[in-house]
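Asks: coords please:
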Amino acid sequence: MLFRSLWGSGLTVVSSQTLTQGLLPNDVVTASCADEHDLASRRNGASRSIAFVNSSGTTRQVFWLDGFGRRVLYRTLESGQRHVQASSGGDVWVVTNGAGRCEGIYQAGDIPSRAVLK
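Replies: Numbering: from 1, shown residues only. Predicted coordinates:
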């Protein structure tokens, strides 16, 4: 996989090499789950939207990380469900499995974005 740093925050933009992980190229900004403890939302941009599409076959939970990096539950998605979430530039979203384990970290791009959850 190829990644490049974005905004100096540890977040990265997904390249076209990431298609095997279920994301469209440049659709969302992503970070490793290992980096969650270093991340927090920093609202610094215009309103955006991010569509979470659950094609994982299991339940997923969508959390917003507040300005202190704490998870705030916004939505539970059953397999096959889709949810469009209003967001702002700098907002960080964590998706977990039913046990609360991080499965992915996302941030909306400059245009309406989509994260397909596998």
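
Asks: okay, now His37: neighbour count?
Replies: Using other C-beta atoms under 10 Å, His37 is surrounded by 8 other residues. Where C-beta positions appear, they are placed from N, C-alpha and C, glycine not excepted.

Asks: and what of Gln61?
Replies: Gln61: 18 neighbours (other C-beta under 10 Å).

Asks: tell me the contacts of it?
Replies: Leu73, Arg75, Thr76, Leu77, Val95, Thr96, Asn97, Gly98, Gly100 (C-beta atoms under 8 Å, 6 or more residues apart in numbering).

Asks: weed out the non-buried ones from these.
Replies: Buried members of those, scored by 16 or more other C-beta atoms under 10 Å, are Arg75, Leu77, Val95, Thr96.

Asks: how many residues are close by the closest residue to the third one other than its chain neighbours?
Replies: Leaving out its chain neighbours, the residue that sits closest to Val95 by C-beta to C-beta, 6 or more residues apart in numbering is Gly104, at 4.7 Å. By the criterion of other C-beta under 10 Å, Gly104 has 24 neighbours.

Asks: got it, and Glu78?
Replies: By other C-beta under 10 Å, 10 other residues sit near Glu78.

Asks: what are the ranges of the strands in the chain?
Replies: 3-6, 11-14, 28-31, 47-54, 60-65, 71-77, 82-88, 92-96, 102-108, 113-117 (DSSP state E).

Asks: which one of those lies nearest to Asp38?
Replies: strand 28-31 (8.6 Å; C-beta to C-beta).

Asks: strands paired with the closest one, and their directions?
Replies: The pairing partners recorded for strand 28-31 under DSSP bridges are strand 11-14 (antiparallel), strand 102-108 (antiparallel).

Asks: mean pLDDT for these: which is lowest?
Replies: Across the strands paired with strand 28-31, strand 11-14 has the smallest mean pLDDT, namely a mean of 36.

Asks: bridging residues for Leu77?
Replies: In beta-bridge terms (that is, DSSP bridges), Leu77 pairs with Arg60.

Asks: that's all I had, so thanks and see you.
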